[in-house]
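[1] Dropping the sequence and predicted coords here.
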Amino acid sequence: MTPEAAFDQYSQSVYRFVYRMTRREDVAEDIAQETFLALVRSPERWNAARGSMKTYLLAIARNLVLKRYRDYRAEEQLEEEIGIVPDPRPSLEIGTAVAGAIAELPGLQQEAVILFEYEGVTLEELAQIVAADVGTVKSRLHRARVRLRKSLAPYRTGVKAHGTV
Amino acid sequence: MEPFEKDELTDRELDGMLAQWKAPSAPARLKAAVFGERRLPWWRRLWSGSIRVPLPVACALVALVAIVAVAMARAPRVVVRTVRVEVPVVQERIVYRDRPAVAEAAWRPVRELRPRIIRGSNAQ
């Protein structure tokens, strides 16, 4: 697969993933660009036997996001369990509430939810991307969903009614 | 206790809520940013291209240039002057003189050699 074909196929996925991890369009654009430039500069680094192009690109993007985290925050915050503070403001849009609830998750759970729920990667692909075993990512996903079920519960009525609270 | 404190969403409800968070699409300029420069001919890339230099390397290069500039400014100036010096030259001239031709017979070996010792004043 040529870098251009990979871009056409996966640029949206990479961009969306980085955007959801950072919640900033400018950062998403920068990191997506860096990701594909890495592919353009060294296309031979992708080994089809070790994973799909999508997992390869998402893994590069993930590393760049982590690098950004390291640059701007303490690394241990990724592992840290942050207490959930639900913000059941009646006027809050559900999408914003979901974004906020996911942002409250620890970093490793965030990336698991975003990749699995939004980018449709399988558990095996997710494990490849985050360099962990399938059991670990499954556990992260489970814990993330448990927390989200609680933190987003106040918005339930809104979903049933008309999409907003 | 808040009314929703013990409340939890079902898996289906959670999936429905997660779907509400939409991400924007990647801007069209992203492709140009990744592939734009590669399509230009090499001589145009020379004018518009850029390279990334790590900050320590850049600082070292700037410091090196500054040190060389200062060293060159402080070094004593060497002035090269051209002076014309007259050197006496001994001139020699080769003069050719006409000699009478020697007959071929004069170069024949002698039949009998008669050496004769002549004492000069230096022999004493």
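    Done, it's in.

[2] going forward, measure contacts and count neighbours with C-alpha atoms only.
    OK.

[3] Contacts only, for A:V40.
    By Cα atoms under 8 Å, 6 or more residues apart in numbering or on different chains, the residues touching A:V40 are A:P3.

[4] whoops, A:A6 was the one
    So A:A6 contacts A:M53 (Cα under 8 Å, 6+ apart).

[5] Next: the one 10 residues further on.
    Neighbouring residues of A:R16 by Cα under 8 Å, 6+ apart: A:28, B:23-26.

[6] With A:E25 instead?
    A:19, B:24.

[7] how does it look with 10 Å?
    A:15-16, A:18-19, A:31, B:23-27 (Cα atoms under 10 Å, 6 or more residues apart in numbering or on different chains).

[8] returning to what we had before: any chance of the contacts of A:R16 in CSV, plus neighbour count and secondary structure?
    Below are the contacts of A:R16 laid out as CSV (neighbours: other Cα atoms under 10 Å in any protein chain shown; DSSP: H, G, I helix; E, B strand; the rest coil):
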residue, neighbour count, secondary structure
A:A28, 23, helix
B:A23, 18, coil
B:P24, 12, coil
B:S25, 13, coil
B:A26, 19, coil
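
[9] which SS state does B:L113 fall under?
    Judged by DSSP: H, G, I helix; E, B strand; the rest coil, the three-state class of B:L113 is coil.

[10] burial count for it?
    Using other Cα atoms under 10 Å in any protein chain shown, B:L113 has 7 other residues around it.

[11] Quick check on it: phi, psi?
    Here is the backbone geometry of B:L113 (degrees, to the nearest 10): phi -100, psi 120.

[12] Distance check, it against chain A.
    101 Å (Cα to the nearest Cα, to the nearest Å).

[13] which other helices and strands contact the stretch of helix or strand B:L14 belongs to?
    Here B:L14 is covered by helix B:11-18, with elements defined by DSSP states H and E. Under the contact criterion of 3 or more Cα pairs under 10 Å, 6 or more residues apart in numbering or on different chains; DSSP states H and E, helix B:11-18 touches helix A:94-103, helix A:134-151, helix A:156-161.

[14] want to throw these into JSON lines with mean neighbour count?
    Formatted as JSON lines, the helices and strands packed on helix B:11-18 follow (neighbours: other Cα atoms under 10 Å in any protein chain shown):
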{"stretch": "helix A:94-103", "mean neighbour count": "21"}
{"stretch": "helix A:134-151", "mean neighbour count": "19"}
{"stretch": "helix A:156-161", "mean neighbour count": "15"}
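
[15] Redo those helices as a markdown table? Include mean pLDDT.
    Shown next, in a markdown table, are the helices and strands packed on helix B:11-18 (pLDDT from 0 to 100):
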| stretch | mean pLDDT |
| --- | --- |
| helix A:94-103 | 91 |
| helix A:134-151 | 94 |
| helix A:156-161 | 55 |
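
[16] Out of these, flag the one nearest B:V95.
    helix A:134-151 (110.0 Å; Cα to Cα).

[17] when you compare where the closest one runs with where helix B:11-18 runs, what's the angle?
    Using axes from the mean of the first three to the mean of the last three Cα atoms, to 10 degrees, the direction of helix A:134-151 lies 80 degrees away from that of helix B:11-18.

[18] Say whether chain B is contacted by helix A:134-151.
    Yes - residues of helix A:134-151 contacting chain B under Cα under 10 Å from any Cα of the partner chain: A:145-151.

[19] which helices and strands sit right next to that helix?
    helix A:94-103, helix A:107-113, helix A:123-129, helix B:11-18.

[20] Of those helices, which is nearest A:R45?
    Proximity to A:R45 (Cα to Cα) singles out helix A:123-129 among the helices and strands packed on helix A:134-151, at 15.0 Å.

[21] hmm, back to that, looking at the helices and strands packed on helix A:134-151, spot the one closest to A:E44.
    helix A:123-129 (18.2 Å).

[22] by contact count, what packs against the closest one?
    Helix A:123-129 packs on helix A:53-72, helix A:107-113, helix A:134-151, going by 3+ Cα pairs under 10 Å, 6+ apart.

[23] Spatially nearest residue to the closest residue to chain B within chain A (excluding sequence neighbours)?
    Using Cα to the nearest Cα, the single residue of chain A nearest to chain B is A:G95, 4.0 Å away. Distance criterion Cα to Cα, 6 or more residues apart in numbering or on different chains; nearest residue to A:G95, sequence neighbours excluded, is B:W21 at 4.0 Å.

[24] Burial check on the one you found, number of neighbours?
    Counted with other Cα under 10 Å, B:W21 comes out at 18.

[25] For it, list the residues it contacts.
    Contacts of B:W21 (Cα under 10 Å, 6+ apart): A:20, A:93-100, A:118.
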